[in-house]
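**Q** sequence plus predicted model, see below.
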Number of protein chains: 2
Amino acid sequence: MTPRSKNSDNLAGQGDLTTSGERSKLHKVTINDIARLASVSKKTVSRVINESPLVREETRDKVKAIIKEYGYIPDPQARALAFRRSFLIGMIYDNPSPQYVVNMQRGILDALQDTNFQLVLHPCERGDPQVHEKIERFVSQQRPFGVILSPSISEDDALCAKLAGYECAYVRIASVEFDAPHQNIRTYDTEGAAEAARHLAEIGHTRIAHVHGIKSFRSAHERLEGFRKGLKEHGLSLPKKYIVEGAYNFDTGVSCTQKLLQLKEPPTAIFLGNDEMAVGAYQAARKAGLKIPDDISIVGFDDTPMAARVWPPMTTVRLPIREMGAAAAKVLLSFDGDERPKERITFLPQIVIRESTAAPKRLD
Amino acid sequence: MTPRSKNSDNLAGQGDLTTSGERSKLHKVTINDIARLASVSKKTVSRVINESPLVREETRDKVKAIIKEYGYIPDPQARALAFRRSFLIGMIYDNPSPQYVVNMQRGILDALQDTNFQLVLHPCERGDPQVHEKIERFVSQQRPFGVILSPSISEDDALCAKLAGYECAYVRIASVEFDAPHQNIRTYDTEGAAEAARHLAEIGHTRIAHVHGIKSFRSAHERLEGFRKGLKEHGLSLPKKYIVEGAYNFDTGVSCTQKLLQLKEPPTAIFLGNDEMAVGAYQAARKAGLKIPDDISIVGFDDTPMAARVWPPMTTVRLPIREMGAAAAKVLLSFDGDERPKERITFLPQIVIRESTAAPKRLD
DNA sequence: CTGAAAGCGCTTACAG
DNA sequence: CTGAAAGCGCTTACAG
C-alpha cells in the first residue's frame, strides 16, 4: 500500500509547458500553476472553479482561458478533503435483477457524463442484520456527494433518517412518496399494474391471478393494489386463492405458477410482479404442457430486455429504469447549498403488449 | 457545489468520547486524536496504519488497541491526497451483456468486502474515437489504486501501455496472455469452445455451424479456433458456409441463425459465441417452426442465468465470471510497492449440458 | 524505532 | 471583488 514512485523532479508549469495535454503525464497542473499564470491568487482561481459570483467578469474570463489552455482539472481528492465531501455518487441497491441494476447504472452514468463525478457501487441485502451499519460506514467514510437508493432499500425510512444524520444527500427511487417531492423519483407502479389488469380484462379474461413480489417491498403492495383497482374498473375481482406471494426471482415464479395451475379452477391469465418471475411462469406453463398464450396468458413487469427475447415475446409493463437513474443523478447534482429543485419527478409505467397474452379459450 | 454545513464545534476526542461508535456522527476521529490518546506522534500512528515494520511491537499494540476502541478509520480522501493515489478500484468494461457485467461487479465487490476500497464504474465503447482519451482522463484524475479491464477492452494493448505511463496498476481479464503472468486473469476460451465441439460431435452431429462474436474481440477468434480444434479431434471440419459473424448481441443471434437455416443444407447444430446470441437463435428457430433440440441443437457460451431460464434450458459453456472478477481484484489489492504476485491465474470454462442439444434427426 | 516539519491541492474564515 | 493565512487529514523526506 505504499506508492510506487517518488518523483522529485520540478513542478509542472515551470516554463516547459507547451500546448495543452502535451506535458508529462505524471505532472498534473495545479491551482497554483493556474494562479501564477493568470497573475491572480489561488483563491480567485478557486472561486472561478466553484462558479462563485464574486469574481469580476474580466478576471473570470482570463482565468477560464488559462484553465482551458492548460487543460486544468482540479484534483478531486484535494477538493474532497477541503470540502469534507467527495465527488462520488453512490448507488445503493438490493434489487436482485441484473437487468434492472445495469439499466439503472447506465442511467446514472448518462447523467454523470462530462462531469467530474464518479459512480461507486454499494450493493446491500435487506436481510443482512448489518445493512444499516455497513451503509453508515460507507457514507461516513467516503462522504459521497450524494447517494441514490433504488427499491427496495429506498423504502427504508429508518435508513434515510440515518443518512440525513450524516448530512448525506440522497434521492430515493420508489413507487410511493416519502420525503420532499424533489428527493423522490416516483414510479406510480399502481398505474402500471392497473394497465395490466385493464388489458387482461379487455381481451376477455375473468379468471385472473396475481403473483406478487416480496412483501417487504412496497412495490409489491402497489402493484397488487393497482392491479386490483384496474380489475375493479371492469367489474372483476381478485379472489384470495388467486393471489400468491413470490420473491421477485425466477424460482418463485416457477413455484407460484405451479401452485396456481394446480387449483381446481386454474386462472386463464397470470400477472406476475416482475419479468424475472414471469419467465419462471413460462417455465412452469411449459412443464405443465400448457401453451402461451393459447392455454394461459402471462404478463410481467419491468420490460427488461429478456421480456422481448423469450418465446413468445412477453407482454409486460415497462418502467423506464435508465431514465429514472439519470433523473435521480441529475437531481443529486443539482443540490447546491441549501437550494433544491422543487418539482416532483414522476415516471408513468406503460404496458407493452406482445404475444404472451390472448383471449382465453372458451370455457366449455 | 458548496458544502451544506459549517461546524465550528469542538474537535472530537476532547473528553466526551464514550464507547466506540457512540460519538457525534459528524465528528470523525482523526489521526491526531489517536496519536494524542496513545501518546505517540501521528507519524507513528501512520506507520501502524500502513503496517510499517519500523514500529516496536509494544507501541504497535497500544496504538492498535486505541484505533479499535475508537473505531478509527483513516480518511480515504486525505490518504489519497498524500499518497497521490486513491482507494478506488476502477472497472473498465465494454461488454454488452448485463449478466456478464453484473457478475463481474459482484466478484470484484466480493473481494473488496471488508477493505476500505470502493468500486467505481467506467464503461466505455471501443468504437468511440475518444475511448483512450476518456480512460486517460479517468485514471489521471482519479488516480485509482488500480483498474480491472474486462474483455474486449482488455485486449487493447495500446491502452494498457498508456495506463502504464500513468503508473496505473491494472489487471486484464482475457482469453490470451498479454503481460506478465500476474497481470492477467486467463480464461482459456479455446478449451471451452473445444468442449462444445466435442459434445456436439459425440451426440452424432456432423453438420455443425458456428456464429462467432465481433471480430475485434480476441475471444471471438479463440472460441472459433477452439471449436474448430474440438471438431477436428472427431474428424470433423467447419466449412466456410457454416461460419457466420455476429456481434455478441441478441439481434445478430437471430439474423445469423436465420441465414444458416436458409442454406440448402442447413446445419443440425449451431454453437453461438455467447448466450445472448444463442437466445437469438432460439427465437429464429421458433420463427422457422423448428423445435429445439429435435430439429436443431443449440449451444451458447457464458452460462448467464438466462441460459437456465429459457425453454428448453440451454446447453452452454460456463465461465466463472464472478470468481474471475474476485481474483482480479485480489491481485490488484496485493500489489504492494514493487512486489507483485508471481503465479499465473487461470480459469477453465466447462460445458454445462442441458436440454437444447440432442442427437440429430436421421437424415433421410 | 520515533518524531517535528513540510507538503499533497484544494477550501474556509477572515480581512480589506 | 480579491488575497494572505490557516486548515482539511493524511504522508513524505529528513533527522535523530
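**A** Ah, there it is. Numbering: from 1, shown residues only, chains lettered A, B, ... in the order given.

**Q** so where do the helices sit in the stretch 201-350 of chain A?
**A** Taking DSSP state H, counting those that start in this stretch as the criterion, the stretch 201-350 of chain A contains helices spanning A:218-233, A:250-261, A:275-287, A:305-309, A:321-334.

**Q** out of those, which one sits most buried?
**A** helix A:275-287 (a mean of 25; mean count of other C-beta atoms under 10 Å in any protein chain shown). In short, each C-beta sits where N, CA and C put it, glycine included.

**Q** where do the strands of the stretch 1-150 of chain A begin and end?
**A** A:88-93, A:118-123, A:146-149 (DSSP state E, counting those that start in this stretch).

**Q** does stretch A:116-128 reach DNA strand C?
**A** No. Stretch A:116-128 is not in contact with DNA strand C by C-beta under 7 Å from any atom of the strand; minimum separation 11.0 Å.

**Q** please work out the average pLDDT along that stretch.
**A** In this model, stretch A:116-128 carries a mean pLDDT of 93.

**Q** so which bits of it are buried?
**A** For stretch A:116-128, burial by neighbour count (16 or more other C-beta atoms under 10 Å in any protein chain shown) applies to A:117-124.

**Q** what distance separates the start and the end of that stretch?
**A** In stretch A:116-128, first residue to last residue: 33 Å (C-alpha to C-alpha, to the nearest Å).

**Q** now check that stretch, is it near chain B?
**A** Yes. Stretch A:116-128 lies within reach of chain B by C-beta under 8 Å from any C-beta of the partner chain, at A:116, A:118-121, A:123.

**Q** and the stretch 51-200 of chain A, which residues reach chain B?
**A** Going by C-beta under 8 Å from any C-beta, the residues of the stretch 51-200 of chain A near chain B are A:51, A:73, A:75-78, A:80-81, A:83-86, A:88, A:98-99, A:101-103, A:105-106, A:109, A:116, A:118-121, A:123, A:136-137, A:140-143, A:165-167, A:169.

**Q** can you tell me the closest non-neighbouring residue to A:Leu231?
**A** A:Ala197 (4.5 Å; C-beta to C-beta, 6 or more residues apart in numbering or on different chains).

**Q** for the one you found, what are phi and psi?
**A** phi -60, psi -50 (degrees, to the nearest 10).

**Q** show the contacting residues for it.
**A** Residues counted as contacts of A:Ala197 (C-beta atoms under 8 Å, 6 or more residues apart in numbering or on different chains) are A:208, A:226-231, A:233-234, A:236, A:271.

**Q** change it to 7 Å
**A** A:227, A:230-231 (C-beta atoms under 7 Å, 6 or more residues apart in numbering or on different chains).

**Q** format those residues as TSV; extra columns: distance to B:Gly246 and pLDDT.
**A** Output for the contacts of A:Ala197, formatted as TSV (distance: C-beta to C-beta, whole Å; pLDDT from 0 to 100):
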residue	distance to B:Gly246	pLDDT
A:Phe227	39	98
A:Gly230	41	97
A:Leu231	43	98
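
**Q** now, among the residues you listed, which is nearest to B:Glu355?
**A** Nearest to B:Glu355 among those is A:Phe227, at 33.5 Å by C-beta to C-beta.

**Q** for DNA strand C, what is the nearest residue in the stretch 151-300 of chain A?
**A** A:Glu167 (13.2 Å; C-beta to the nearest atom of the strand).

**Q** what helix or strand is that residue on?
**A** Under the criterion of DSSP states H and E, A:Glu167 resides outside all helices and strands.

**Q** what about it, neighbour count?
**A** Counted with other C-beta atoms under 10 Å in any protein chain shown, residues neighbouring A:Glu167 total 17.

**Q** and if you look at A:Pro349?
**A** By other C-beta under 10 Å, the residues close to A:Pro349 number 26.

**Q** would you agree it is in contact with A:Arg186?
**A** No. Assessed by C-beta atoms under 7 Å, A:Pro349 is found out of contact with A:Arg186, at 10.9 Å.

**Q** among the helices of the stretch 201-350 of chain A, which is nearest B:Pro313?
**A** helix A:275-287 (8.6 Å).

**Q** any bit of the closest one sitting next to chain B?
**A** Yes. Against chain B, helix A:275-287 shows contacts by C-beta under 7 Å from any C-beta of the partner chain at A:279, A:282-283, A:286.

**Q** can you list the neighbours in contact with that helix?
**A** With C-beta under 7 Å, 6+ apart as the criterion, helix A:275-287 contacts A:97, A:211, A:246, A:248-254, A:257-258, A:261, A:270, A:272, A:292, A:296, A:298, A:300-304, A:306-307, A:310, A:314, A:316, B:309, B:311.

**Q** would you mind measuring the gap between the ends of stretch A:85-97?
**A** Start-to-end, stretch A:85-97 (C-alpha to C-alpha) is 31 Å.

**Q** returning to that earlier point: ok, now how distant is the residue of the stretch 151-300 of chain A closest to DNA strand C from DNA strand D?
**A** 14 Å (C-beta to the nearest atom of the strand, to the nearest Å).

**Q** ok, now how distant is that residue from B:Gly325?
**A** Counting by C-beta to C-beta, to the nearest Å, the gap between A:Glu167 and B:Gly325 amounts to 33 Å.

**Q** A:Ile66 is in contact with A:Ile34, correct?
**A** Yes. Counting by C-beta under 7 Å, A:Ile34 touches A:Ile66, with 5.6 Å between them.

**Q** looking at the two, which one has more neighbours?
**A** Using other C-beta under 10 Å, the more surrounded residue of A:Ile34 and A:Ile66 is A:Ile34, with 25 against 21.

**Q** shouldn't A:Ile321 be in contact with A:Met104?
**A** Yes. Between A:Ile321 and A:Met104 there is a contact under C-beta under 7 Å: 5.4 Å.

**Q** shared neighbours, the two?
**A** By C-beta under 7 Å, 6+ apart, no residue touches both A:Ile321 and A:Met104.

**Q** residues in the stretch 51-200 of chain A within reach of DNA strand D, list them.
**A** A:53-56, A:58-60, A:78, A:81-82, A:84.

**Q** the same query, at a cut-off of 6 Å, please.
**A** Residues of the stretch 51-200 of chain A lying close to DNA strand D (C-beta under 6 Å from any atom of the strand) are A:54-56, A:59, A:81-82.

**Q** in helices, which of those appear?
**A** A:59, A:81-82 (DSSP state H).

**Q** wait, which of the residues you listed is closest to A:Gln130?
**A** For those, the nearest to A:Gln130 is A:Leu81 (28.2 Å; C-beta to C-beta).

**Q** near that closest one, how many other residues are there?
**A** As a measure of burial, A:Leu81 has 20 neighbours, counting by other C-beta under 10 Å.

**Q** who's in contact with the residue lying closest to it once chain neighbours are set aside?
**A** Closest residue to A:Leu81 apart from its sequence neighbours, by C-beta to C-beta, 6+ apart: B:Gln77 at 4.6 Å. For B:Gln77, the contacting residues are A:77, A:80-81, A:86, by C-beta under 7 Å, 6+ apart.

**Q** give me the pLDDT value at B:Gln77.
**A** B:Gln77 is given a pLDDT of 92.

**Q** contacting residues for the residue of the stretch 101-250 of chain A found nearest DNA strand C?
**A** Here the stretch 101-250 of chain A gets closest to DNA strand C at one residue, A:Asn116, 11.0 Å apart by C-beta to the nearest atom of the strand. Applying C-beta under 7 Å, 6+ apart, we find A:Asn116 in contact with A:73, A:76, A:87, B:141.
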